[in-house]
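Participant: Quick one, fold the following:
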Amino acid sequence: MKLKHSNVYFLLLWLVMIIRKCRSRQEWRQQPEYAEVNPGDSVVLNCLIDNRSGDCRWEKEGVPTGIFSGKYEWAGDVSSGDCSLLIKDAEVEFDDGAWQCSVTASSFKARDALVSAVSQLVVRVAPTDIVIRHSDTNRVIIANDTLDVLENTNITLECNSVNGKPPPKLSWQLPESLPSFSLTESVRDGSSVSIISALVMRSDRGKRVKCRATHSALTKPLEASVNINVLYVPVVEVEYKYPNGLVKTNFNGGHKVSLKEGDSVIIRCKPDSNPPAAVAWRRAGTRGVWSTEQEVLVENVGRENAGIYTCTAHNKLGVSGPKEIVLDVEYSPHITSMEPSGAISSLVGGRVTLTCLADANPEPAYQWVQRLNDQVVIKGNERVLSLENLIFEDDGEYICTAHNLIRGQEKITQSAPVQLTVTGPPRLYLDPKTRFETSAGSDTSMEVKVCGEPRPEVRWQVDHLVLTAGSGHGRFRADTLVKMSSHHNCYISRLGVQGAHRDDSKSYQVHVENVHGSETHSLELLVHENRQLEVFIAVAVGGVLTILTLSLIIIYVLVSRDSCCASLKHQSQRSDLSEMGSDKTDLESPDSSIITSTANQIFYQDARNDSSFHTFNKQKRVLSPGISCGAYSVTHGSISSISPHKHHKAYNDCHRLATTLEDSSRLGRTLEDGPHLSRAKELRNLPPAPDLSGVSYYRYN
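Facilitator: Numbering: from 1, shown residues only. Below is the predicted model of the structure:
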């Protein structure tokens, strides 16, 4: 039993010895690593060993280094396996380099010696400078220098550090408008290198690009910068302002300047370019350079200054695109062309075209007028006036007027007149059914209007007697043609008859002729006995006296009545006066008056529907016994009485009325007497005058 326990004891002891022997083998706990130190500072190179039994040693660049107090010292407890080295007052010359830690074997046969990997100790050296270089030109940029770069091109910049250990870290500072699209970093020959590329725009002009180097040995980063000078072709803008010596005004942008004649304006060409550009003004419609000044004062502008002004700028890189500014000078119209001009002529029925052209701003409106002595007739409102199917009334002066509006004021100008002469065969303006009537023994005349160019010859024919204008024979005389004031080529021709007889009631012919043709019309003259006119006058006078007498009697009766019947008298008076006023109206109103001419002039009816020559006809029935049956005619401003022909039924009615009134007047009695008053009432009950609208009218005296 004791032997068994003894064997177990020796076995355990043997195991412990084996385990202990295994545990005593030297092993690495930590090898030295890369380290940096600033000059003059201290640094520890770590070296930790488990089960260290051998001696610790350090080598630099393969050369053993001893332990020297104040320079190289043990950093820890070597007996516990801490073989770390403390390097004091680091120097590049002595301390910078490759370091290794080693441990000798624990025994001759152990073979557990250790040698660490090479670890680099860097004694830092601050970079002395950084340099920016333009890669495209290999130009080195001196600090704060300027680099010229074309617009819209890529720029490549390279930043290099000078010296420095380890190489510094480089970074770029770029303006926001210049984002980089390419960046590379490397170390070349112990120096840091950073390359950047970017697209340069016009807006980057004057911007600064910086390269910055940071290093542990530096108290502050190193910087290098370059100014970007972007070169580009000019771009121009045009501006204007109105000069004012008292008030400072700014330039306004715009491409159109509104002016009126007499204004002044300053126009400016503002180039944006690098390098600076020279400007050139040119004016549309002219050759060469108008001005080379950036600012030009245009004083007292007129229509000759209006137009388009173009500005360009140029530098060594090229020429800008043109920019225009328009001087819009408003001016009143000026007639520049009239076709045809002077005097022209055309045949009746022909066509004439008149063209007018005016220079104005704003564009003018046109109007054509025809001037006939003191009359002006508007003929058209277009630049071109076309007169078709010409008539004699188109003869006259034609004037073109042009007008526009300038700042609320109308400006008008007119051309020299164009004299239009309308030629053609003569024309008689006379209704073929026109009849002229007069009383026996009266001097009378018949007249017609005739138009023609050249001036027509007029002949009146009385039976076999032919009278030319200005000639006469016996009681007949053809007056000289009288030119109408309203038209140049229209005339009045008259045939006068002295002491008209009943035998003069016949047809008369008027014949007109010129080189272009001729025309003939017949006229009828009726001569009545004088008795009818005397009856007419007697009836008219008797009627007026009767009405006046009745009016006086009524007024007297009303005034002499008693005051108790004042209201009745007033009512009766108002009724009688109303009746009397009605009769008086028939006597005095222009619509019922009968006006005769002592000159015994005969007027004609113009059958041509022409606005230049109006003939107004009007008939009115007459109920008063003091007014003859019939009507009156207003022709060319004169009023002539009208009576029906003696063979017409209306003539018999009027004749019967006139005879009755004459008999009443011959009695020499007043109408206040009963029988005669009833006779007057009987006269009032006669049928009204017939409608004579279908009867051709004539003059009756």
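Participant: Need the residue closest to the centroid of the protein.
Facilitator: By C-alpha atoms, centre = their mean, the chain has its centre lying nearest to Pro362, at 9.4 Å.
Participant: how deep is the residue nearest to that residue when sequence neighbours are not counted tucked in, by neighbour count?
Facilitator: Ranked by C-beta to C-beta, 6 or more residues apart in numbering and with sequence neighbours excluded, the top spatial neighbour of Pro362 is Asn404, at 5.1 Å. From N, CA and C alone the C-beta is placed, and that goes for glycine too. Neighbour count for Asn404, taken as other C-beta atoms under 10 Å: 20.
Participant: Look up phi and psi at Asn404.
Facilitator: phi -140, psi -180 (degrees, to the nearest 10).
Participant: Now find how far off-centre the top helix by length along the chain is within its chain.
Facilitator: Taking DSSP state H as the criterion, the chain has its longest helix at helix 530-560. What separates the centre of helix 530-560 from the centre of its chain is 75 Å, taken as C-alpha atoms, centre = their mean, to the nearest Å.
Participant: I'd guess Lys285 is in a strand, am I close?
Facilitator: You called it Lys, but residue 285 is Gly. No: secondary structure of Gly285 (DSSP: H, G, I helix; E, B strand; the rest coil): coil, not part of a strand.
Participant: which residues touch it?
Facilitator: Gly307 (C-beta atoms under 8 Å, 6 or more residues apart in numbering).
Participant: Which pLDDT value goes with it?
Facilitator: On pLDDT, Gly285 comes in at 89.
Participant: same check, this time on Phe392
Facilitator: 86.
Participant: Quick check: buried residues in stretch 363-376?
Facilitator: For stretch 363-376, the neighbour count (16 or more other C-beta atoms under 10 Å) marks 364-370, 372 as buried.
Participant: Format those as JSON lines; extra columns: secondary structure.
Facilitator: Output for the buried residues of stretch 363-376, formatted as JSON lines (three-state DSSP):
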{"residue": "Pro364", "secondary structure": "coil"}
{"residue": "Ala365", "secondary structure": "strand"}
{"residue": "Tyr366", "secondary structure": "strand"}
{"residue": "Gln367", "secondary structure": "strand"}
{"residue": "Trp368", "secondary structure": "strand"}
{"residue": "Val369", "secondary structure": "strand"}
{"residue": "Gln370", "secondary structure": "strand"}
{"residue": "Leu372", "secondary structure": "strand"}
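Participant: export those residues to a markdown table and tack on pLDDT and distance to Val140?
Facilitator: Converted to a markdown table, the buried residues of stretch 363-376 look like this (pLDDT from 0 to 100; distance: C-beta to C-beta, whole Å):
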| residue | pLDDT | distance to Val140 |
| --- | --- | --- |
| Pro364 | 94 | 72 |
| Ala365 | 95 | 75 |
| Tyr366 | 96 | 77 |
| Gln367 | 95 | 81 |
| Trp368 | 95 | 84 |
| Val369 | 94 | 87 |
| Gln370 | 91 | 91 |
| Leu372 | 80 | 96 |
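Participant: Show me the beta-bridge partners of the residue nearest to Pro362.
Facilitator: Assessed by DSSP bridges, Asn404 has beta-bridge partners Lys411.
Participant: wait, doesn't it sit right on Tyr366?
Facilitator: No: in this structure, Asn404 is not within contact of Tyr366 by C-beta atoms under 8 Å, at 10.4 Å.
Participant: Surely Asn154 is in contact with Leu178?
Facilitator: No: assessed by C-beta under 8 Å, Asn154 is found out of contact with Leu178, at 11.3 Å.
Participant: Residues that sit against both of those two, list them.
Facilitator: 198-200.
Participant: Of these, which is the nearest to Leu150?
Facilitator: Val200 (7.7 Å; C-beta to C-beta).
Participant: Number of residues surrounding that closest one?
Facilitator: Neighbour tally, Val200, other C-beta under 10 Å: 23.
Participant: That one and Phe181, how far apart?
Facilitator: Separation of Val200 from Phe181 (C-beta to C-beta, to the nearest Å) stands at 12 Å.
Participant: so what's the residue nearest to the centre of the chain up against?
Facilitator: Going by C-beta under 8 Å, 6+ apart, Pro362 touches 330, 404-406.
Participant: Return the closest of those residues with respect to Ile308.
Facilitator: The shortest gap between Ile308 and any of these belongs to Glu330, at 16.0 Å (C-beta to C-beta).
Participant: could you say what helices and strands the helix or strand in which the closest one is found packs with?
Facilitator: Taking DSSP states H and E as the criterion, Glu330 maps to strand 323-339. If contacts are counted by 3 or more C-beta pairs under 8 Å, 6 or more residues apart in numbering; DSSP states H and E, strand 323-339 sits against strand 222-241, strand 256-260, strand 265-274, strand 307-315, strand 352-361, strand 396-406, strand 409-414.
Participant: Turn those strands into JSON lines, including mean pLDDT and distance to Ser192.
Facilitator: Formatted as JSON lines, those follow (pLDDT from 0 to 100; distance: least, C-beta to C-beta, whole Å):
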{"stretch": "strand 222-241", "mean pLDDT": "92", "distance to Ser192": "11"}
{"stretch": "strand 256-260", "mean pLDDT": "88", "distance to Ser192": "60"}
{"stretch": "strand 265-274", "mean pLDDT": "93", "distance to Ser192": "33"}
{"stretch": "strand 307-315", "mean pLDDT": "94", "distance to Ser192": "39"}
{"stretch": "strand 352-361", "mean pLDDT": "93", "distance to Ser192": "71"}
{"stretch": "strand 396-406", "mean pLDDT": "93", "distance to Ser192": "75"}
{"stretch": "strand 409-414", "mean pLDDT": "92", "distance to Ser192": "79"}
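Participant: can you list the ones you listed in JSON lines and add distance to Ala284?
Facilitator: Below are these laid out as JSON lines (distance: least, C-beta to C-beta, whole Å):
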{"stretch": "strand 222-241", "distance to Ala284": "14"}
{"stretch": "strand 256-260", "distance to Ala284": "14"}
{"stretch": "strand 265-274", "distance to Ala284": "14"}
{"stretch": "strand 307-315", "distance to Ala284": "4"}
{"stretch": "strand 352-361", "distance to Ala284": "15"}
{"stretch": "strand 396-406", "distance to Ala284": "22"}
{"stretch": "strand 409-414", "distance to Ala284": "25"}
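Participant: what bridges to Val63?
Facilitator: With DSSP bridges as the criterion, Val63 is bridged to Lys60.
Participant: what's around it, how many residues?
Facilitator: Per other C-beta under 10 Å, the neighbour tally for Val63 reads 8.
Participant: Can you tell me how far it is from Cys101?
Facilitator: Distance from Val63 to Cys101, counting by C-beta to C-beta: 14 Å.
Participant: Helices of the stretch 451-600 of the chain, start to end?
Facilitator: 530-560, 566-588 (DSSP state H, counting those that start in this stretch).
Participant: rank those helices by pLDDT, which is bottom?
Facilitator: Looking at these, the weakest mean confidence is helix 566-588, a mean of 36.
Participant: before we move on, which element is Ser445 in?
Facilitator: Assigned by DSSP H and E, Ser445 falls within strand 444-453.
Participant: more crowded one of Asn154 and Leu178?
Facilitator: More neighbours surround Leu178 than the other of Asn154 and Leu178, with 18 against 13 (other C-beta under 10 Å).
Participant: Correct me if wrong: that one contacts Arg208.
Facilitator: No: between Leu178 and Arg208 there is no contact under C-beta under 8 Å: 9.9 Å.
Participant: residues shared between the contacts of the two?
Facilitator: Residues touching both Leu178 and Arg208 (C-beta under 8 Å, 6+ apart): Ile228.
Participant: the inter-axis angle of the strand holding Glu330 versus strand 409-414?
Facilitator: Angle, strand 323-339 to strand 409-414, by axes from the mean of the first three to the mean of the last three C-alpha atoms, to 10 degrees: 40 degrees.
Participant: Before we move on, what's the pLDDT of Pro426?
Facilitator: So, for Pro426, pLDDT stands at 90.
Participant: Tell me who's in contact with it.
Facilitator: 450-452, 456, 512-514, 516-519.
Participant: repeat that for 10 Å
Facilitator: Taking C-beta atoms under 10 Å, 6 or more residues apart in numbering, we find Pro426 in contact with 348, 392, 450-458, 489-491, 511-514, 516-519.
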